[in-house]
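> Here is a sequence together with a model predicted from it:
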Amino acid sequence: MTRLTVANLAGLKAGVRRPAYDRARLTPGIVHLGLGAFARGHLCEYTEDALELDFGAWGVTGASLQRPDQRDRLAPQDGLYTLLKRAPAGPELRIIGCIGEVLVAPESPVALIARIAAPETRIVSLTVTEKGYCHDPATGKLKADHPDIIHDLSHPLAPRSAVGIIVAGLKARRAAGLGPFTALSCDNLPHNGGVLRGLVRDFAALSDDGLSQWIEANGAFPASMVDRIVPATTEADIAEVAGLTGLEDAAPVIGEPFRQWAIQDVFAAGRPAWHEVGAQMVSEVAPFEFMKLRMLNGAHSSLAYLGYLAGHETVAEASGDPVLARFLQGLWAEIIPTVPAPQGVVLADYADALLARFRNPAIRHRTWQIAMDGSQKLPQRLLGTIRDRLKAGAPIDHLALGVAAWMRYVSGTDEKGAAIDVRDPLAASFAEKAKEAGRNAAALSRSLLGIEAIFGSDLPREERFTQAVERHLAALFEKGAKATAASLSA
């Protein structure tokens, strides 16, 4: 089959959207670190939209920080790739053209630093996952003893870490008499802009205090909140895209139609017209992060546990179950009063949009995958909301069922007696507690509530919470997930 390239775009099948601007005039303005599927399915599509609406010097240079795989897939395609959006009504296909080049940091760190330091580069964005920040998540501080940080301090012209690369670029710009670029984190990291600013400043101070002060005084590190489901691309996806477009594409991206991007509007040297194509430019991003954490993530986890126990493999199946859909509505009714509405958002409408996203049958989000690492997720996704509701003297029945469903899940066997593959840092401890308690809901709930790293020292003393959890857990053992959820709306 013919490969996707600029020269072969005429071979695309009808209905495939292609770049609506003169790509030959595209010049780089953004360097993106960590050119994975999410960046290409989120930031690059927003940038593509902005280029079509208001063309400017906003081409993207992608940078892979570890392996050449992405470069090797995209270079033979002139940087083009297909974005396949899986909508319930059918697939939507688009060729994204904003990537002009892809660099591989380990192969040519000097070239990457030079591109970042170039006058035309005005934004350096990144999606490197939380671990790529070389920091302590609990404090947000730089881990000066991290192997990559130690390496980068000793080899400033060949940095490995995103922080080291950014500082190297800023140092070169300062030496050339240029102003800083904007460093824009697009990772799911609370207060990501402030965290990145602190890490870059502190890294610079380890070798050049003057540079650190210059960054603190002049740098721009806007916070952002990103949201889109972009599953990993499979060989089956690649074959499907080829069939739908008529061209072979080694690097397609699969995503849901929904997307959201809230960005703190603080930029050092301009930005694309993202605000004209759906991005929300705001003064404070924290309310959007808080809303997503409680309403999306909290509901996702609760649905995953109940859905798995009820025999649903995917979120779409679980949320399509009328009983569990009613549970979600009741859950959101308890969550919404604890969430200050972000600028321009109606929380009830946001909940409706979440349910529609959950129900998209074209996106296969497995309940088992979402159920992973519950000990790390519950404190932020559900327990903070429960504390707020208890303080207000408000009902917590649906929230408590979410916690009880997690307990029932980590007990290790499903409703048919089959073993559950519980993936969690505390899985061994859960298994031991479940073995000791058996199906005794009171014993199991007391034992799990005693894990202070999850529940703190306060919640186990809140009788309204502990009694509700124990009651729901007993019902889950006796009647099952669907019957227990149904009883809340009876």
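Yes, it's here.
> can you map out the strands along the protein?
28-33, 59-64, 81-87, 90-96, 99-104, 123-126, 135-136, 141-142, 182-185, 224-227, 253-255, 260-264, 280-282 (DSSP state E).
> what's the closest of those to A441?
Proximity to A441 (CB to CB) singles out strand 224-227 among the strands of the chain, at 35.8 Å. Just so you know, the C-beta spots here come from the backbone N, C-alpha and C atoms, and that holds for glycine as well.
> So what touches the closest one?
By CB atoms under 8 Å, 6 or more residues apart in numbering, the residues outside strand 224-227 that reach it are 38, 42-43, 184-188, 192-193, 258-264, 285, 288-289, 292, 296.
> change it to 7 Å
Strand 224-227 is touched from outside by 42, 184-186, 188, 192-193, 259-264, 285, 288-289, 292, with contacts defined as CB atoms under 7 Å, 6 or more residues apart in numbering.
> Not counting sequence-adjacent ones, nearest residue to A223?
Among residues not flanking A223 along the chain, G193 sits closest, at 3.4 Å (CB to CB, 6 or more residues apart in numbering).
> Can you give me the pLDDT of the one you found?
G193 is assigned a pLDDT of 96 by the prediction.
> Tell me the spacing between it and P222.
According to CB to CB, to the nearest Å, G193 stands 5 Å off from P222.
> picking up where we left off before, how close does the residue nearest to A223 sit to D152?
21 Å.
> So between the two, which is more surrounded?
D152 (25 against 21; other CB atoms under 10 Å).
> Can you show me the helices along the stretch 251-400 of the chain?
286-291, 298-309, 315-320, 322-335, 347-358, 367-370, 374-378, 384-392, 397-410 (DSSP state H, counting those that start in this stretch).
> okay, the strands of the chain in JSON lines with mean neighbour count, distance to L199 and mean pLDDT next?
JSON lines is the format used below for these (neighbours: other CB atoms under 10 Å; distance: least, CB to CB, whole Å; pLDDT from 0 to 100):
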{"stretch": "strand 28-33", "mean neighbour count": "24", "distance to L199": "13", "mean pLDDT": "98"}
{"stretch": "strand 59-64", "mean neighbour count": "25", "distance to L199": "18", "mean pLDDT": "98"}
{"stretch": "strand 81-87", "mean neighbour count": "22", "distance to L199": "30", "mean pLDDT": "96"}
{"stretch": "strand 90-96", "mean neighbour count": "17", "distance to L199": "30", "mean pLDDT": "96"}
{"stretch": "strand 99-104", "mean neighbour count": "21", "distance to L199": "22", "mean pLDDT": "97"}
{"stretch": "strand 123-126", "mean neighbour count": "24", "distance to L199": "11", "mean pLDDT": "98"}
{"stretch": "strand 135-136", "mean neighbour count": "16", "distance to L199": "6", "mean pLDDT": "88"}
{"stretch": "strand 141-142", "mean neighbour count": "18", "distance to L199": "5", "mean pLDDT": "94"}
{"stretch": "strand 182-185", "mean neighbour count": "25", "distance to L199": "10", "mean pLDDT": "98"}
{"stretch": "strand 224-227", "mean neighbour count": "22", "distance to L199": "16", "mean pLDDT": "96"}
{"stretch": "strand 253-255", "mean neighbour count": "24", "distance to L199": "28", "mean pLDDT": "95"}
{"stretch": "strand 260-264", "mean neighbour count": "22", "distance to L199": "17", "mean pLDDT": "96"}
{"stretch": "strand 280-282", "mean neighbour count": "19", "distance to L199": "23", "mean pLDDT": "93"}
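> Can you say which of those is nearest to A168?
Here strand 123-126 is closest among those (CB to CB), at 11.0 Å.
> any idea of the mean pLDDT in stretch 478-490?
pLDDT averaged over stretch 478-490 gives 93.
> start the count at 2, not 1, going forward
New numbering, starting at 2: the last item is stretch 479-491.
> Spatially, and excluding backbone neighbours, which residue is closest to W215.
R175 (5.7 Å).
> Output stretch 162-178 as CSV, restricted to C-alpha atoms.
What follows is stretch 162-178, C-alpha atoms only, in CSV (Å, rounded to 0.1, in the frame of the first residue of the first chain):
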residue,chain,number,x,y,z
SER,A,162,15.9,15.1,31.5
ALA,A,163,13.2,17.5,30.3
VAL,A,164,14.2,19.9,33.1
GLY,A,165,17.9,19.8,32.0
ILE,A,166,16.9,20.3,28.4
ILE,A,167,14.7,23.3,29.2
VAL,A,168,17.4,24.9,31.4
ALA,A,169,20.1,24.3,28.7
GLY,A,170,17.8,26.1,26.1
LEU,A,171,17.1,29.0,28.5
LYS,A,172,20.8,29.4,29.3
ALA,A,173,21.7,29.6,25.6
ARG,A,174,19.0,32.2,25.0
ARG,A,175,20.2,34.3,27.9
ALA,A,176,23.8,34.1,26.6
ALA,A,177,22.5,35.3,23.1
GLY,A,178,20.6,38.2,24.6
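> average pLDDT for it?
97.
> just stretch 405-425 next, same as before
On average, stretch 405-425 scores 96.
> Endpoints of stretch 54-72, how far apart?
By CA to CA, to the nearest Å, the extent of stretch 54-72 from end to end equals 28 Å.
> what's next to it, contact-wise?
So stretch 54-72 is contacted by 22, 27-36, 45, 48, 51-52, 99-108, 113, 116, 121, 129, 163, 252, 273-274, 277-278 (CB under 7 Å, 6+ apart).
> And the residue nearest the centre of the chain, how far from R367?
The chain has N189 as the residue nearest its centroid, 4.5 Å off, counting by CA atoms, centre = their mean. The gap separating N189 from R367 is 19 Å, by CB to CB.
> And for A112?
From A112 to R367 the distance is 40 Å (CB to CB).
> same deal with D374?
With CB to CB as the criterion, D374 and R367 are 14 Å apart.
> which of those two has more neighbours?
R367 (17 against 14).
> can you tell me which residues contact the more buried one?
Contacts of R367 by CB under 7 Å, 6+ apart are 314-315.
> Report the beta-bridge partners for it.
T315 (DSSP bridges).
> Show the pLDDT at it.
88.
> Also A139?
For A139, pLDDT reads 69.
> Also the one 10 residues further on?
We have a pLDDT of 96 for D149.
> Spatially nearest residue to it, not counting backbone neighbours?
Distance criterion CB to CB, 6+ apart; nearest residue to D149, sequence neighbours excluded, is S162 at 4.1 Å.
> just checking, the one you found touches L154?
No: in this structure S162 lies outside contact range of L154 using CB atoms under 7 Å: 10.1 Å.
> When these two are compared, which one has more neighbours?
A count of neighbours by other CB under 10 Å puts S162 above the other of S162 and L154, at 24 against 15.
> Quick check: that one vs L197, distance?
Taken as CB to CB, the span from S162 to L197 is 12 Å.
> Nearest spatial neighbour of P89, chain-adjacent residues omitted?
N361 (5.6 Å).
> what number of residues lie near that neighbour?
21.
> contacting residues around it?
N361 neighbours (CB under 7 Å, 6+ apart): 87, 89, 257, 317.
> Starting from D422, give me the distance back to it.
25 Å.
> if we can go back for a sec, intersection of neighbour lists for G194 and P223?
Q265.
> so where's the chain uncertain?
Confidence mapping of the chain against pLDDT under 70 gives the ranges 139, 491.
> what packs against the biggest helix by length in it?
Ranked by number of residues, the top helix in the chain under DSSP state H is helix 464-480. Counting contacts by 3 or more CB pairs under 7 Å, 6 or more residues apart in numbering; DSSP states H and E, helix 464-480 packs against helix 385-393, helix 398-411, helix 442-450, helix 482-489.
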